[in-house]
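Asker: Whatever this is, show me its structure:
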Amino acid sequence: MDLQFRTTQLTESMIQKLRGATGKDAPFAADVLGGRIKFVECIDDALVVGHCIGNSATGEIIGLSVEPSYRRKAVARKLLAQVVDLLRGDGARRIWLAAPCDSTLPAYRFYRAMGWQPTGEHPTNHDEILEFPSSGAATD
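Answerer: Here you go, the predicted structure:
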């Protein structure tokens, strides 16, 4: 397995798909066009097996996804670390994401194992806001 990680420029069709999937509106497109949206993909033999997206204007990690057969191989950790580094490089001071509150879900344990900390904010009954410490080392 020869995994490649690359920062990708979003196309108009990708922007439309992301807007639909995330519920983001016109300001999201402006952030994409302004270079504030950071998108990193993991590629294995020309197949996209994972991606992470973040917004350097807000510090939000908008999404992280890895194909099931590539999980538990450090793909998510590397994708997330690269996007955190890109957001910090653009000056984002607070890096945060919405994650499930359910401690039985893998995402709950994953983010905490990486150092993400709950802020006490709950945008929904099923999610909570986690923040990556500013002193945390995101780079592998």
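
Asker: Just the strands from this protein, written as ranges.
Answerer: Using DSSP state E, the strands of the chain run over residues 3-7, 37-44, 47-55, 60-66, 95-100, 117-118, 127-132.

Asker: buried stuff in the fifth one?
Answerer: This points to strand 95-100. Buried residues in strand 95-100, counted by 16 or more other CB atoms under 10 Å: I95, W96, L97, A98, A99. Placement of C-beta: from N, CA and C, glycine included.

Asker: Name whatever forms a beta bridge with the last one.
Answerer: For A99, the beta-bridge partners under DSSP bridges are E128.

Asker: residue contacts, it?
Answerer: A99 makes contact with A107, Y108, Y111, W116, D127, E128, I129, L130, according to CB atoms under 8 Å, 6 or more residues apart in numbering.

Asker: Could you do the fourth one as well?
Answerer: Applying CB under 8 Å, 6+ apart, one finds that A98 lies in contact with P123, T124, D127, E128, I129, L130.

Asker: Now, of those, which are buried?
Answerer: Neighbour-count burial (16+ other CB under 10 Å) is assigned, among these, to E128, I129, L130.

Asker: Roughly how far does the residue lying closest to the last one once chain neighbours are set aside sit from E128?
Answerer: Same thing as L130. Distances taken as CB to CB, 6 or more residues apart in numbering put W116 closest to L130, at 4.0 Å, once the chain neighbours are dropped. Going from W116 to E128 by CB to CB, to the nearest Å gives 10 Å.

Asker: Which of the contacts of A98 sits closest to K78?
Answerer: Ranked by distance to K78 (CB to CB), those are led by L130 at 18.4 Å.

Asker: In this structure that closest one contacts H122, no?
Answerer: No. L130 is beyond contact range of H122, at 11.2 Å (criterion: CB atoms under 8 Å).

Asker: hang on, the earlier thing: show me the one of the strands of the chain that comes nearest R88.
Answerer: Closest approach to R88 among the strands of the chain (CB to CB): strand 95-100, 7.0 Å.

Asker: Kindly format the C-alpha coordinates of the closest one as CSV.
Answerer: Below are the C-alpha coordinates for strand 95-100, written out as CSV (Å, rounded to 0.1, in the frame of the first residue of the first chain):
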residue,chain,number,x,y,z
ILE,A,95,-9.2,24.7,15.7
TRP,A,96,-12.4,22.9,16.4
LEU,A,97,-15.0,20.4,15.2
ALA,A,98,-18.3,18.9,16.0
ALA,A,99,-18.1,15.3,17.1
PRO,A,100,-20.6,12.7,18.4
